[in-house]
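> Here you go, sequence then predicted model.
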Amino acid sequence: MKSILLIGLGRFGRHIAMKLDELNHEVMAVDKNENRVNAALPYVTNAQIGDATNEGFMESLGVSNFDVCIVAIGDNFQSSLEATSLLSDLGAKLVVSRAARDVHAKFLLRNGANEVIYPEKQIAQWAAIRYSADHILDYIELDEEHAIFEISIPENWIGKTVGQLDIRNKHNINIMGFKYHGNMNLNIRSDTPVPADHTMLVLGNTKDIQRCFHI
């Protein structure tokens with residue numbers, strides 16, 4: 001369990017709060033808007049109405065005591081930048097800030113953010129890959145070159161073992177597991193047979209995966 005300071009409770013921030021609550025983390029939430037703070041109360045440990053660009057207010061939160069500080073402000077880049085810089089100046093251990101544009105990301109990283117999240121761009125990339133091929137069911141980008149894909153299993157693979165397919169040596173792709181109705185089998189060995197009516201999780205270089213599965 002981690003202690004997290006969440007700044008900004010718009011739609012994006014509220015969804016983060018809900019997920020962090022589901023994961024049983026301790027969350028202090030902050031927003032200038034009282035209605036937003038009240039809406040987030042069921043999902044956070046504590047909440048305060050305040051201006052994240054005000055140094056005195058931010059200092060009162062004990063920023064350095066949190067494991068992670070997330071700046072989820074999406075409607076005012078100047079406020080996001082100022083809050084990010086203040087967090088860094090006040091000794092935050094890890095500052096993660098939301099960016100809406102590439103240029104925003106650059107400024108945030110130069111002014112105190114350790115990492116930047118770019119939800120619109122990330123979702124756009126996911127949607128483009130997910131819906132551009134019928135047999136892709138999910139996609140998680142790990143870095144610019146590598147990803148995990150959940151894909152339909154080619155019919156001619158069913159019944160063969162992972163070792164017989166040998167896609168690790170042939171295509172530099174790892175079979176991570178099989179999935180059936182939400183249940184995962186991650187105990188994969190060379191003698192594991194490829195099951196019917198399942199989907200498959202594969203990990204590798206995105207270009208290698210695209211070539212292997214004609215994505």
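Yep, it's here.

> if I look at the residue nearest in space to the middle of the chain, how far off is Phe12?
Averaging the C-alpha coordinates of the chain gives a centre point, and the residue nearest to it by CA atoms, centre = their mean is Ile117 (7.9 Å). Distance from Ile117 to Phe12, counting by CB to CB, to the nearest Å: 9 Å. (Glycine included, C-beta is placed from N, CA and C.)

> Can you pull the residues that touch both of these two?
Both Ile117 and Phe12 are in contact with Arg98, where contact means CB atoms under 8 Å, 6 or more residues apart in numbering.

> picking up where we left off before, now the residue nearest to the centre of the chain: closest residue in space that isn't a chain neighbour?
Excluding the flanking residues, the one nearest Ile117 by CB to CB, 6 or more residues apart in numbering is Arg98, at 5.5 Å.

> Asn38: how many residues sit nearby?
13 (other CB atoms under 10 Å).

> what's the spacing between it and Ser79?
For Asn38 relative to Ser79 (CB to CB), the value is 20 Å.

> same check, this time on Glu115
Glu115 is 19 Å from Ser79, by CB to CB.

> again, but for Lys207
In terms of CB to CB, Lys207 sits 40 Å off from Ser79.

> before we move on, the earlier item: who touches the residue nearest to the centre of the chain in this structure?
96-99.

> Let's have those in CSV, adding distance to Lys19.
Shown next, in CSV, are the contacts of Ile117 (distance: CB to CB, whole Å):
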residue, distance to Lys19
Val96, 14
Ser97, 18
Arg98, 15
Ala99, 19
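
> can you pick the most crowded of those residues?
Counting by other CB under 10 Å, top hit in the contacts of Ile117: Ser97 with 31 neighbours.

> Alpha carbons of whichever helix or strand that residue is part of, in PDB - could you do that?
If you go by DSSP states H and E, Ser97 is part of strand 95-98. Output in PDB follows, covering the C-alpha atoms of strand 95-98 (Å, rounded to 0.1, in the frame of the first residue of the first chain):
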ATOM      1  CA  VAL A  95       6.000  13.500  -9.400                       C
ATOM      2  CA  VAL A  96       3.800  12.200 -12.200                       C
ATOM      3  CA  SER A  97       2.100  14.900 -14.200                       C
ATOM      4  CA  ARG A  98      -0.600  14.800 -16.900                       C
END
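
> Can you give the distance from the helix or strand following it to the centre of its chain?
Moving toward the C-terminus from strand 95-98, the next helix or strand (DSSP H and E) is helix 102-110. Distance, stretch centre to chain centre, for helix 102-110: 18 Å (CA atoms, centre = their mean, to the nearest Å).

> Which strands and helices lie in contact with helix 102-110?
helix 77-89, strand 115-117 (3 or more CB pairs under 8 Å, 6 or more residues apart in numbering; DSSP states H and E).

> Return the most buried member of these.
Neighbour counts (mean count of other CB atoms under 10 Å) averaged over each of the helices and strands packed on helix 102-110 peak at helix 77-89, with a mean of 21.

> Ala133: neighbour count?
Neighbours around Ala133, by other CB under 10 Å: 16.

> How about Ala39?
15.

> related to what we said a few turns ago, what is the nearest of the contacts of Ile117 to Met18?
Within the contacts of Ile117, the smallest distance to Met18 is 16.1 Å, found for Arg98 (CB to CB).

> Is it correct that that closest one is in contact with Phe12?
Yes - the pair Arg98 and Phe12 qualifies as a contact (CB atoms under 8 Å) at a distance of 6.6 Å.
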